[in-house]
Structure formats: structure tokens, C-alpha cells
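K.L.:
Provide a 3D model corresponding to the input given below.
(4 chains)
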Number of protein chains: 2
Amino acid sequence: MTKPIAPARAKPSHKVPKPEAGYHHGELQEALIAASEAILAEQGAEGFTLREAARRAGVSPAAPSHHFGNAQGLLTEVAIRGYAALAGALRDAASRKQGAREKLHAQGLAYVEFALKHPGRFQMMFANKRLVADDPRLRQASRAAGHEFEIIIAELVGGTPRQAKTAAAAAWSTVHGFAKLALEDKFGPVKSEAGDRKIMTTLNHVLNYLWPASR
Amino acid sequence: MTKPIAPARAKPSHKVPKPEAGYHHGELQEALIAASEAILAEQGAEGFTLREAARRAGVSPAAPSHHFGNAQGLLTEVAIRGYAALAGALRDAASRKQGAREKLHAQGLAYVEFALKHPGRFQMMFANKRLVADDPRLRQASRAAGHEFEIIIAELVGGTPRQAKTAAAAAWSTVHGFAKLALEDKFGPVKSEAGDRKIMTTLNHVLNYLWPASR
DNA sequence: TATCTATCTTAACACTGTTTAGATTGACCG
DNA sequence: CGGTCAATCTAAACAGTGTTAAGATAGATA
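P.N.:
This next block holds a predicted model:
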């Protein structure tokens, strides 16, 4: 189930990661990213602190700066992986269905499911002010996720590229808005399993309303 | 251009809106709310600090606590007024048009216009973790804004209340998602006047696509 | 083996929100 | 008119935060 999220290029070239080191951590980047994701999962986007991430990785508060520059740099890395995971989820969802409408529908469900399952990460991915918003890799990761929508939309609406772009913006806006509103409890409590199910059926109705079979 | 969003009442320039500064401020609540809105307008939601609001109101950092309890309490008050302003904008926009579809369309434009014009306040209104999320007045203000959509939607779709609820969720999700994505630069830069205009025409296309004349 | 450089720590700085105790004030009430 | 009292605000402190500068350590290299 856990698919490799990071690009294939992995290690800092020269050495094999040693689990137990002394002064040198060995895998500090990965440890900090993992710690950050854990904090986001436990405490949400507002709960993240750089010091806590360092604490969990077992290093001093100043250590992260050598690898990520600052907190925004670390969070940017987390967001990039988040976008990759989201793109993967969208691709997977579409691949399991046949017919453009069914694919789009499945993508919409997958998008909101991702948001509800990883609220902290999701919120952080769209918090430009806490990221290095103009990082090329971040921008590309975001575009790649959006592209997953455009692929299916192009299949669905045929028309000019301009029209496809419009339709893709419409689809993305709808599911993104729904996810955001749901996370702020605008469609009822979201903490419980039952709450989540109710929200997902509401989403189902919304998608059927906006993209009926006739489209 | 800048329309008074707060009740027409006071004109608190930074200091001493009232007679000579004494030990008592006299209108501290209003001054703090105005200061907070100014910070949100200048620095965005992430730029707000309680101390800066106190500074602008000319009081000590501890003063706000006597009126609002804590930072969340102050921001909750700001958010309540924000929702009232949003509801007013939606009502105004609808009242200027005839026909349910035109009204809904105008509301969608007004919603995004509000978000682009007051990004800091808008983001804060939907940042539950920074507010007293279960404050009854806040919840009611939020529901009142959402209700503006439901009124028009009921006019448009006729059907069962359940169907109207679905359609309202769809409309709200779409414009909210569009606004949020636009504020995170997903539809291009949003700082310039030209950027905003381009975004609004994109929104126009989206609304025409999702709510065509035939609905 | 000696040096070099990446990595990490220690310590400090300027912030933040919140709490406690005390000072000041205006208003009520005899 | 004068005294009490509650409301209002300040001062000071505390535990946090992100970031930086200077120095220690260790792994790799020559």
C-alpha cells in the first residue's frame, strides 16, 4: 500500500546509511521529514513546530537549518511528498474505473478522502505562507497533481484545450472547496468514522449533481 | 473602494479615538478589532499577533485578555464580523439581479471577490483552530452566510429540501474551492489588479460551465 | 597520518501568548 | 460629599518559538 513517494534518487551518494551513529545522525533529512509528518498527523498543521520535529529526530533545534535552511524549507519538502502522494491517489482512483465520468467521479472521492485522512498534511500543502512557495520542485509537484485532473477532464469534455482548462478548474475547485469546508466542520463533525462516512455520501450527491450522467 | 465593513460606527485611527488618553481606553474592544483587521489586511492571516494588535491599540499585551479572554476570542469576534460582511455582500449581489441563475452567478462572483479583496480576513474566518470554533455567535454567523446561498438555490432547483441542500453544498464548495485555490496562486499570481481580473474571468467560465443556462 | 569539510551542539536573541499581582480609574451608594 | 468597589489596565515574569553565530566533532580524503 505504501508506495515510494520520493523520486527514485535516494542517498547522498557516498555512504550507506548507518542506523546507529553517534555525533552524526546519518539520515537526518529523512528523520526530520518523517517527524514532521507525524506531528502533522497528530496535531494538525497548526501544531507543527520546528523544535518539536528536531526533538523527535533526536537533534538540537539548530540542526535542521543545515539541511533545509529553515522551517519553510523542511515543510516544503513535506509538501512536495504530499503532492506526490495525492497525485498517486488520484491516478490510482482513476485507473480503477472505466469511462471518463466514472474516473472523474472516483478522483473526486479520492481527493476528499486524502484530505480527510491526512488533514494536517493537506492543509500544509496549501499554506503557501508556510512554504517556499516559489520552489520549482514544489510548483512542479503541485502542477503534477492538478494534471491528474486535466487528463481525465480532457477525456471527458473533448472541446478546445481552453474549455478543458475551464472544466479542470471547475472540478478541482469543487472537490477542493468541499474538502476545505469539510475540514472546517461546515458539513458536520469530521472526527468520527461515522461523520466521515456521512460527509463522503454528501460529496457523492454533490458530484452527481454537478457531473450528472448526461455530461 | 474600501467600504466600511465594520458597523458604520467608529473611525478608530491608531490612537485615542476618544478624549485624552487616560488610564482607561474607553473603546478598547473596538480598537482591538479594528487593529486586528488592519493587521490581517496588511500582513495576512499568518501575520497576525496579539501583541501587535495591542501595540496598535496603544495598550499592554495583557489588556486584550480582559475583553476577549485570549487571542482566539479576539479573532472570533473579527471572524463574526467577517461573516456578517460576507453575508451582506452575497445578499447585495443577489438583490441586484433578476432570475435565480443570475442571482446565483452574482453570488459566486461576490464570494470570490470578497476573498480576493480581504484575503487575510477570509482565511482567518475559515481557520477554526485559531478561533473559538464552537462559539454560538460564530456558528450562527457562518450559517447565516451559508444561508444566503441556500435561499437562491431553493429558488433555482425547486426539488426536495434534501436536493436543495445538496445543490447549496455544491455551489458553496465550488466558489470556496476556487477562492482558496486562487489565494494560493494556483490560478496565477493574485497580487496585481490584472491578475485579479484574469482570475475573475476564469471564475466566470467555471460558473458558466457548472451552471449553464439550461439548469 | 594530517587535514578538511560536512554535520551537529551550545548559547544567545528577539519574538510570541498567557498568567499573576498590583496600580489606577470611574461609578455607584451611603 | 466621600468611601467603597468593580472594572480596567500595567508591569513583570514564564515557557515557548524560529533563527543565528561560534565552536566542537567525526567521517572522508589526500
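
K.L.:
in chain A, what residue is nearest chain B?
P.N.:
Taking Cβ to the nearest Cβ, chain B has its nearest neighbour within chain A at A:G177, 2.5 Å off. (Each C-beta comes from the backbone N, C-alpha and C, glycine too.)

K.L.:
now that residue, nearest residue through space, not along the chain?
P.N.:
Closest residue to A:G177 in three dimensions, ignoring its sequence neighbours and counting by Cβ to Cβ, 6 or more residues apart in numbering or on different chains: B:G177, at 2.5 Å.

K.L.:
Give the rounded mean pLDDT of the host helix or strand of that neighbour.
P.N.:
Secondary structure here is read from DSSP states H and E; on that basis B:G177 sits in helix B:161-183. Helix B:161-183 carries an average pLDDT of 96.

K.L.:
dump the residue contacts of the residue of chain A closest to chain B.
P.N.:
A:G177 makes contact with B:172-180, according to Cβ atoms under 8 Å, 6 or more residues apart in numbering or on different chains.

K.L.:
For PyMOL, write the selection for the buried entries among those.
P.N.:
The following PyMOL line selects those of the contacts of A:G177 that are buried, judged by 16 or more other Cβ atoms under 10 Å in any protein chain shown:
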select buried, chain B and resi 172+173+174+175+176+177+178+179+180
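
K.L.:
Please compare the contacts of A:G177 by their distance to DNA strand C and name the closest.
P.N.:
Taking Cβ to the nearest atom of the strand as the measure, DNA strand C lies nearest B:K180 of those, at 23.7 Å.

K.L.:
Let me see the contact set for the nearest residue to that closest one once chain neighbours are set aside.
P.N.:
Excluding the flanking residues, the one nearest B:K180 by Cβ to Cβ, 6+ apart is A:K180, at 5.6 Å. Residues in contact with A:K180 (Cβ under 8 Å, 6+ apart) are A:115, B:126, B:176-177, B:180.

K.L.:
Just put those in CSV and tack on distance to B:R143.
P.N.:
Shown next, in CSV, are the contacts of A:K180 (distance: Cβ to Cβ, whole Å):
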residue, distance to B:R143
A:A115, 22
B:F126, 14
B:H176, 15
B:G177, 19
B:K180, 20
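
K.L.:
a markdown table please, covering those residues and showing distance to DNA strand C.
P.N.:
Putting these into a markdown table (distance: Cβ to the nearest atom of the strand, whole Å) gives the following:
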| residue | distance to DNA strand C |
| --- | --- |
| A:A115 | 27 |
| B:F126 | 19 |
| B:H176 | 27 |
| B:G177 | 29 |
| B:K180 | 24 |
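
K.L.:
Briefly note if the lengthiest helix in chain A comes near chain B.
P.N.:
When chain A is scanned for its longest helix (criterion: DSSP state H), the result is helix A:71-95. No. Where contact is defined by Cβ under 8 Å from any Cβ of the partner chain, no part of helix A:71-95 touches chain B; the two come within 11.2 Å at best.

K.L.:
Could you pull up the mean pLDDT of stretch A:33-42?
P.N.:
The average pLDDT for stretch A:33-42 rounds to 98.

K.L.:
Okay, buried residues for it please.
P.N.:
When neighbours are counted by 16+ other Cβ under 10 Å, the buried residues of stretch A:33-42 are found to be A:33, A:35-37, A:39-40.

K.L.:
Okay, and which of the residues you listed map to strands?
P.N.:
With strands defined by DSSP state E, no entry of the buried residues of stretch A:33-42 lies inside them.

K.L.:
Closest one of the residues you listed to A:L50?
P.N.:
A:S36 (8.7 Å; Cβ to Cβ).

K.L.:
Quick one: residues contacting that closest one.
P.N.:
Contact criterion Cβ under 8 Å, 6+ apart gives A:48, A:53, A:74-75, A:78 as the residues in contact with A:S36.

K.L.:
A:R162 too?
P.N.:
With contacts taken as Cβ under 8 Å, 6+ apart, A:R162 has no neighbouring residues.

K.L.:
quick one: the strands in chain A?
P.N.:
Ranges of strands in chain A, per DSSP E: none exist.

K.L.:
Many thanks, I have nothing further to ask.
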